[in-house]
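Novice: No letters, just coordinates:
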Ligand SMILES: Cc1cc2nc3c(=O)[nH]c(=O)nc-3n(C[C@H](O)[C@H](O)[C@H](O)COP(=O)(O)OP(=O)(O)OC[C@H]3O[C@@H](n4cnc5c(N)ncnc54)[C@H](O)[C@@H]3O)c2cc1C
């Protein structure tokens, strides 16, 4: 097998008829119920309740969550297809879905049986919402640098700190929250962080301002303030002081979902650009016949399919439990999000003045695409992960 892979198994994408039937059912739902509402979502900055209720009825909140915990099963590839199809219409709605996974995955990977039943089951059934509160004013990329404190007092913990850019916090019933329980050890900055579940009505938990970010209208993030929030040791997810590993393992999985968001954006933009370039005429011919536009359409198509292949490949590796999924997830996240941003930009260019007009519903995808390059590990952080994993995979070395 070619360097740095060792088996042809690592290159299979296991897409089946079942995946395509599922895609069709999601697309039918999205075309009839979500697409007609994009303008209302942009203008009101709210996802209509009826869309969420119907998604719950369709079982969409349970996709990717095991049946034992109220989900539909389906794994990462099924989740990627769901995310892609929803993002093709309204990327912010995929964020609503994604934050539930950001909440549920750490519990599924490291939580107790009781936590899985108590918290993951209602999320999977669409009866409750989750959020993931890690980023702080002092920084999001450097997870080991968080400053929120969890102090042990008698038989419980008291959390104090501030989190920023927390998606879904305004409607969340439960949040996973990272906090420092011990000082770092020498040479182990990551040591001493613990992950807790905090329920929304816990005294001291306050949802602060909503950030006015450039895109993802309908699901823009919030500030979360923890003012002496008292929680029991039962709320700890995974080992005490080893929460850094819980968070990193979570992002290894969820960043495939961000790549899938980007693929959905890229798909929507590609379709619009192709249709418009066939219809719009200048100088007596459709603009697709002008070589500079022909070249753009070809480049868009190349990047779109490469992004999709990387994303499905990462999802397949994750579903097979292969460790190589971590590097694949970062390759997919960095590539697909940057491709979506580029494709959205070219789609605007191809539409000329109409491309920058809100009413055509095109410029919103560029605003959303840029955000995908930032959250759940910026493009720069993905590149760090890619090289670290490559060196570990190829030479067994840690850098
Ligand atoms: C719309 C939105 C929703 C979000 N939702 C959530 C959420 O639900 N939960 C949550 O916890 N967080 C959330 N975030 C936060 C997001 O994950 C962080 O913004 C992101 O991780 C980057 O952190 P930062 O903004 O603090 O930038 P910083 O970490 O301060 O980075 C600043 C710049 O420096 C670069 N940089 C940093 N370190 C390195 C390095 N070692 N090498 C090279 N370059 C580096 C970064 O790539 C970036 O370009 C959300 C953010 C947005 C915009």
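Specialist: Looks like it arrived, so ask away. Quick caveat, the model's predicted, so the values are computed rather than measured.
Novice: switch to C-alpha atoms for all contacts and neighbour counts from now on
Specialist: Will do.
Novice: Around the ligand, which positions in the protein sit nearby?
Specialist: Contact residues (C-alpha under 6 Å from any ligand atom) of the chain with the ligand: 132-135, 139-142, 165-167, 220-221, 371, 374-378, 380-381.
Novice: Please type out the ChimeraX selection for whichever of these turn out to be buried.
Specialist: Paste this into ChimeraX to select the buried members of those, with burial taken from 16 or more other C-alpha atoms under 10 Å:
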select :132,133,134,135,140,141,165,166,167,220,221,371,374,376,377,378
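Novice: Show me the residues of the chain next to the ligand that map onto strands.
Specialist: 132-133, 165-166 (DSSP state E).
Novice: Tell me who's in contact with the nearest residue to residue 168 once chain neighbours are set aside.
Specialist: Nearest non-adjacent residue to residue 168, counting by C-alpha to C-alpha, 6 or more residues apart in numbering: residue 131, 5.6 Å away. Listed by C-alpha atoms under 8 Å, 6 or more residues apart in numbering, the contact partners of residue 131 are 99-100, 102-103, 166-169, 172, 174-176.
Novice: hang on, residue 71 in a helix?
Specialist: No - counting by DSSP: H, G, I helix; E, B strand; the rest coil, residue 71 falls outside a helix, being coil.
Novice: What sits closest to it if chain neighbours are left out?
Specialist: Residue nearest to residue 71 in three dimensions, not counting chain neighbours: residue 62, with 3.9 Å by C-alpha to C-alpha, 6+ apart.
Novice: Please tell me I have it right and the one you found contacts residue 127.
Specialist: No - under the criterion of C-alpha atoms under 8 Å, residue 62 makes no contact with residue 127, lying 10.6 Å away.
Novice: okay, these two: which has more neighbours?
Specialist: residue 62 (28 against 12; other C-alpha atoms under 10 Å).
Novice: count of neighbours near residue 110?
Specialist: Residue 110 has 19 nearby residues by other C-alpha under 10 Å.
Novice: in the stretch 101-250 of the chain, which spans are helices?
Specialist: 113-115, 121-124, 243-279 (DSSP state H, counting those that start in this stretch).
Novice: can you redo those helices as JSON lines with distance to residue 363?
Specialist: Formatted as JSON lines, these follow (distance: least, C-alpha to C-alpha, whole Å):
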{"stretch": "helix 113-115", "distance to residue 363": "41"}
{"stretch": "helix 121-124", "distance to residue 363": "32"}
{"stretch": "helix 243-279", "distance to residue 363": "10"}
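Novice: Mean pLDDT added to those helices, as CSV?
Specialist: Listed next are these as CSV, based on pLDDT from 0 to 100:
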stretch, mean pLDDT
helix 113-115, 98
helix 121-124, 98
helix 243-279, 98
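Novice: Which residue comes closest to residue 212 once chain neighbours are left out?
Specialist: In space, and not counting its chain neighbours, residue 212 is closest to residue 220: 6.9 Å by C-alpha to C-alpha, 6+ apart.
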